[in-house]
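> coordinates only, sequence not included:
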């Protein structure tokens, strides 16, 4: 799978499909990050665009205002996102299940309103990033061939997945799964529940912020109605759920499907922001919920089990 | 200093007094049975000791520290392990993973947490099932798993909430043996149980609750002769007829 994604931009030179791939990789990172909190820890957040926007805005602001390298901006965005995550998470994690989810929507609206009323952050119009010389240091490349954008997005996804995988290996992984299964029992077994929810949120926020930073640099325009929108928060959730909540490859599969739908509807129906893509996507998610709650990855596993010849140990 | 010392512990829910002015002392190595009719406040008393519920008044001291009002995870770290009345296993995990959540409390390294979990599973007789999905276990095995999880936190005091109800007679006697074995290794046990055949042979002392009040305490033989206990269990006509 990884190899396929690596070879892809060398083979595919069509601008549309190159663009789809880059966007899919970026949204896969964000969805993988959401999945750590929503799928694995069981805390379904509808406010993840907060962290995505934090990354994009921090990087953009530092670049425009102080001329700082986007790489510095990415790192700074991570720190701000983690801090913001802890400040938001501390009170909100007192709430459970649906109440938690509703509170994250409220937080998302609060942050959105603060930003669109802040002149230094470009208010409702956002921040336009300056076009600079194409180089790795500037994180800008020629748009004629998206190969470098693709490879960096792939590296970003790789690093994100590795970080999540490492987090899941030891005590933290066991604890967050226990929290999802039964919070009270986890607590009775000595799990400091809120602290581990905050750990999961911190890592999730950092990775989502990286994805947001990179998206900002890729599109060179930071629009609050995109990077801080409820639509984006929902899209991140949908990608995670469609692909398969709780699995590592799920978000990547979900992201591909969503990006293709999004770009196809945009091109064919020539209307941006009419949310038709989300309607189609929502229908898909409903179908998934009825047919296979483990998502597309779950369907894939089921098919793999039916093919005895190519049978391999399915790792979870 | 006693292992556990309850002094005038009371818990109210609105107008209802679920636990009323209860005194109780447990020493290291004790096995104490807690019995009483339905709604007597046994499970509430457990929750008070295990930290999931703060007492309205009174003090709960565990190894000299005031634990009343502590969070459940802090109580677990202090050495109070518990099982739940309704089986609440982690259903997405294997048997071993369930137990490892417990063993991580005192063994941070995965390999050592795994060793400890495997050891505990052997002790409770689930060694063979370590790799199974916990959700597929039988009732008896789930109860053992509950026990294993609590043991993996390496408690000094084990609170068992009806771990033997719903078991067949053979399974029950096996479970009694298991608790006895654990106790012989020095673990203090406070057990809530409906099944008298379990409480009586296992407990050195029995405490009887009724409507939240401690109505009797003594050896199993003393308690089963106590007229207040007979009255609570069988109604006052029987007590009157007997007396």
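Arrived safely. Small disclaimer: the values here were computed from a predicted structure and weren't measured.

> who in chain A is up against chain B?
A:169-171, A:174-175, A:177-178, A:180-182, A:184-193 (CB under 8 Å from any CB of the partner chain). For every residue, glycine as well, the C-beta is placed using N, CA and C.

> which among the residues you listed count as buried?
Neighbour counting with 16 or more other CB atoms under 10 Å in any protein chain shown marks A:170-171, A:174-175, A:177-178, A:180-182, A:185-193 as buried within those.

> which of these fall in strands?
Members of those lying in strands (criterion: DSSP state E): none.

> can you give me the strands for the stretch 151-300 of chain A?
Along the stretch 151-300 of chain A, counting by DSSP state E, counting those that start in this stretch, strands occupy A:221-222.

> contacting residues for the closest residue to chain B within it?
Proximity of the stretch 151-300 of chain A to chain B (CB to the nearest CB) peaks at residue A:190, 3.5 Å away. Listed by CB atoms under 8 Å, 6 or more residues apart in numbering or on different chains, the contact set of residue A:190 reads B:73, B:76, B:77, B:102, B:105, B:153.

> list, out of the residues you listed, those positioned next to chain A.
Restricting these to those near chain A - CB under 8 Å from any CB - leaves B:73, B:76, B:77, B:102, B:105, B:153.

> rebuild the residues you listed as TSV, extending it with pLDDT, distance to residue A:225 and secondary structure.
Shown next, in TSV, are the ones next to chain A among the contacts of residue A:190 (pLDDT from 0 to 100; distance: CB to CB, whole Å; DSSP: H, G, I helix; E, B strand; the rest coil):
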residue	pLDDT	distance to residue A:225	secondary structure
B:73	94	42	helix
B:76	95	47	helix
B:77	94	47	helix
B:102	95	48	helix
B:105	95	47	coil
B:153	95	50	coil
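
> residue B:21 sits in which helix or strand?
Using DSSP states H and E, residue B:21 sits within strand B:16-26.

> pLDDT value on residue B:6, please?
Residue B:6 is assigned 94 on the pLDDT scale.

> surely it is in contact with residue B:21?
No - assessed by CB atoms under 8 Å, residue B:6 is found out of contact with residue B:21, at 10.0 Å.

> distance of residue B:90 from chain A?
Residue B:90 is 4 Å from chain A, where distance means CB to the nearest CB, to the nearest Å.

> assign a three-state SS to that residue, would you?
The local conformation at residue B:90, judged by DSSP: H, G, I helix; E, B strand; the rest coil, is coil.

> overlap of the contact sets of residue B:6 and residue B:21?
Both residue B:6 and residue B:21 are in contact with residue B:58, where contact means CB under 8 Å, 6+ apart.

> leaving out sequence neighbours, find the closest residue to residue 172.
Let's take chain A. Computed as CB to CB, 6 or more residues apart in numbering or on different chains, the closest residue to residue A:172 that is not its neighbour in sequence is residue A:199, at 6.0 Å.

> to clarify, I was referring to chain B.
residue B:164 (5.1 Å).

> just the pLDDT for the one you found.
81.

> contact partners for it?
Applying CB under 8 Å, 6+ apart, we find residue B:164 in contact with B:143, B:171, B:172, B:175, B:176, B:193, B:195, B:198.

> hmm, residue B:176 and the last one touching each other?
Yes - under the criterion of CB under 8 Å, residue B:198 makes contact with residue B:176 at 5.9 Å.
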